[in-house]
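Engineer: Any chance you can model this:
(one chain, ligands or ions: 1)
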Amino acid sequence: MKSVFITGGTTGIGAELAKHYVEKGWKVGVCGRDKQKFEESFTHQRESISFYAVDVANRDELKNAIKEFSGLIGLDLLIANAGIGYKFKTKVPDFEFSYKMVHVNLLGVMYAFEAALDVMIPRSKGQLVAVASIAGYNGLPGVSAYSATKSAVQKYCESLHLDLRQFNINVTTINPGFVDTPLTQSNHHPMPFLMDAPKAAKLIARAIEKKKMTYHFPFLFAGVVRFIGILPRTWYRFLFSLKMFNYSKEK
Ligand SMILES: NC(=O)c1ccc[n+]([C@@H]2O[C@H](COP(=O)([O-])OP(=O)(O)OC[C@H]3O[C@@H](n4cnc5c(N)ncnc54)[C@H](OP(=O)(O)O)[C@@H]3O)[C@@H](O)[C@H]2O)c1
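Structural biologist: Numbering: from 1, shown residues only. Below is the predicted model of the structure:
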């Protein structure tokens, strides 16, 4: 039986991925801070999933959870998905929340990978996946630390993809566009090509199965975002001075 541990599996993309792997007959473990959210998301398959009430910013707690879950059968797949984003986009960053974002979105991925590698390297097999974002391709206005953490995760995974091949361990970075989850439900701005979470999870699972190094979606939107990233900086600055592309409030 194959096994997967998903961080941030209580709602949204993580929960849909957990459902996908349960349906495929995998042993599934998820973590999150809120057990109630887990119970609300999994009315049917709850017994098939091991839940760990763990904050990914706590290295020891996460390590223990992943070690306990892996037990005797090991760990085939680790998906570092837990993440947080700004509720409001402001010109002056909310520094307290930005620091928290670094702990969760960046260190949380590193802690999860570290714990998974303790299990995978001795067995010379496994796959590490991080859910970054297309917001990591550019420094976007109003979401400085979100863009920064996601960009850091992209580069971190790119390096590890090269380093870990010698241990037969694959590393995949997933960069979603807008997905309809609690994370985006508080957004008041347009969200082009918004996708529902079950569909996003299916696309992500397929990319994982194909052991892609990087996967971004929706294809067209991701292409536009990446093109914007290679524009001359004066054009880039002009584009984001336009109200229709800059959602940060005055403050
Ligand atoms: N939705 C989008 O449009 C979109 C686009 C690009 C990338 N992403 C990325 O996709 C990932 C999943 O996001 P989502 O959209 O599915 O949002 P979501 O529904 O809010 O899910 C976030 C998950 O992360 C968990 N989490 C948050 N902080 C945590 C912490 N400190 N420790 C442990 N678990 C924590 C949450 O569980 P608890 O609250 O129970 O802790 C929840 O299960 C995130 O990394 C996000 O940045 C999302």
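
Engineer: From the ligand, how far off is the nearest residue to Gly32 once chain neighbours are set aside?
Structural biologist: Closest residue in space to Gly32, ignoring its immediate chain neighbours: Thr10 at 3.4 Å, by Cβ to Cβ, 6 or more residues apart in numbering. For the C-beta atoms, the positions are set from N, CA and C on the backbone; glycine is no exception. According to Cβ to the nearest ligand atom, to the nearest Å, Thr10 and the ligand sit 4 Å apart.

Engineer: what's the answer for Arg206, then?
Structural biologist: On the measure of Cβ to the nearest ligand atom, Arg206 and the ligand end up 17 Å apart.

Engineer: name the element that residue belongs to?
Structural biologist: In this structure, Arg206 sits in helix 197-209 according to DSSP states H and E.

Engineer: any idea of the mean pLDDT for that helix?
Structural biologist: Looking at helix 197-209 alone, the average pLDDT works out to 98.

Engineer: Wait, a helix at Tyr52?
Structural biologist: No. The assignment for Tyr52 by DSSP: H, G, I helix; E, B strand; the rest coil gives strand, which leaves it out of any helix.

Engineer: Would you check that it makes contact with Gly29?
Structural biologist: Yes. Under the criterion of Cβ atoms under 8 Å, Tyr52 is in contact with Gly29, at a separation of 6.6 Å.

Engineer: now the helix holding Arg206, how far from the centre of its chain.
Structural biologist: Using Cα atoms, centre = their mean, to the nearest Å, the mean C-alpha position of helix 197-209 is found 12 Å from that of the whole chain.

Engineer: now do stretch 63-78
Structural biologist: Relative to its chain's centre, stretch 63-78 lies at 19 Å (Cα atoms, centre = their mean).

Engineer: cool, stretch 164-184 as well?
Structural biologist: The offset between the C-alpha centroid of stretch 164-184 and the centroid of the whole chain comes to 6 Å, using Cα atoms, centre = their mean.

Engineer: again, but for stretch 205-224
Structural biologist: Shown here is stretch 205-224, whose average C-alpha point lies 13 Å from the average C-alpha point of the whole chain (Cα atoms, centre = their mean).

Engineer: same check, this time on stretch 131-149
Structural biologist: With Cα atoms, centre = their mean as the basis, stretch 131-149 stands 12 Å off its chain's centre.

Engineer: got the buried residues for it?
Structural biologist: Along stretch 131-149, these residues count as buried under the neighbour rule (16 or more other Cβ atoms under 10 Å): 131-138, 140-149.

Engineer: Inside strands: which ones of the residues you listed?
Structural biologist: Using DSSP state E, the subset of the buried residues of stretch 131-149 located in strands is Val131.
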